[in-house]
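A.B. asks: model the structure of this input:
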Amino acid sequence: MKNLSEIDPPRQSDKKRIASLISNFGNPFTLLFLFTLYSCFVYLPFERALKIILLILFLALVPTGLFIVFNVKRGKYSNYDVSNQKQRPSLYLFSLVVILFILGGLLINHEPQFIIGGCIAAFSLLLASFMVNMKIKCSLHTSFAVFIAIAFLRLNIYWSLGLFIFSILMGWSRLELHRHTNQEVVIGAILGSTIGVLFYLLTKPYVIS
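C.D. replies: Coordinates of the predicted model:
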């Protein structure tokens with residue numbers, strides 16, 4: 001029979017792999033995109049939904065992804081999570097500018113207030129995280145996971161409950177991967193909760209039907 005010292009290393013490795021899978025899938029931009037995808041295709045005509053999705057894809061996700069890859073290749077970022085606190089400001093600034101372009105496009109096209117509100121909320125959450133990052137690095141993965149879970153309360157209660165569970169797993173994954181401390185995960189959760197509750201309250205008159 002194998003002793004515990006022989007069994008523990010594989011278990012640790014499995015935990016890391018699971019944590020990495022959760023963390024990668026729960027990338028803030030991926031969660032935002034999935035939230036928009038669901039909102040648009042469930043509640044809007046196909047052509048209008050597709051226009052919004054393409055706008056976000058080519059003005060936000062693709063440029064941001066290329067920006068991160070470019071800076072990792074240059075050695076400016078240590079990893080694709082951009083988990084180094086001192087390296088984060090440029091990513092925050094780039095993302096904030098990108099979201100402003102998205103917001104402009106949504107306003108010009110007179111898209112639903114729920115979608116515009118979500119864009120403003122994402123901008124606010126990034127801006128708050130950027131400001132907090134000057135003092136302490138907060139978990140952006142956790143903050144967006146919590147925010148999306150609350151935002152989904154307006155769309156689907158079952159998805160929302162599942163996402164709340166996922167946000168807990170997200171916090172665990174960031175700790176397991178040593179990307180954040182307990183304090184940084186808690187701060188991320190507080191920021192996500194604050195912006196999420198404000199979004200929930202302020203978008204009440206604009207629920208898509």
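
A.B. asks: look up the closest residue to the residue nearest in space to the middle of the chain, ignoring the ones flanking it.
C.D. replies: Nearest to the geometric centre of the chain sits residue 28, at 1.9 Å (C-alpha atoms, centre = their mean). The spatial neighbour of residue 28 that comes closest, neighbours along the chain excluded (C-beta to C-beta, 6 or more residues apart in numbering), is residue 144 at 3.8 Å. In short, each C-beta sits where N, CA and C put it, glycine included.

A.B. asks: same question for residue 67.
C.D. replies: residue 94 (5.4 Å).

A.B. asks: helices along this protein, start to end?
C.D. replies: For the chain, helices defined by DSSP state H occupy the ranges 4-25, 28-43, 46-56, 62-74, 88-108, 113-132, 140-151, 157-176, 182-202.

A.B. asks: next, the buried residues of the fifth one.
C.D. replies: Burial within helix 88-108, assessed by neighbour count using 16 or more other C-beta atoms under 10 Å, is assigned to 88, 91-92, 95, 98-99, 102-103, 105-106.

A.B. asks: mind showing which ranges of this structure have poor pLDDT?
C.D. replies: Within the chain, the stretches with pLDDT under 70 are 1-12, 204-209.

A.B. asks: from residue 76, how far out is the residue nearest to residue 67?
C.D. replies: 12 Å (C-beta to C-beta, to the nearest Å).

A.B. asks: distance of the nearest residue to residue 20 once chain neighbours are set aside from residue 23?
C.D. replies: Excluding the flanking residues, the one nearest residue 20 by C-beta to C-beta, 6+ apart is residue 177, at 6.4 Å. Distance check for residue 177 against residue 23: by C-beta to C-beta, it reads 6 Å.
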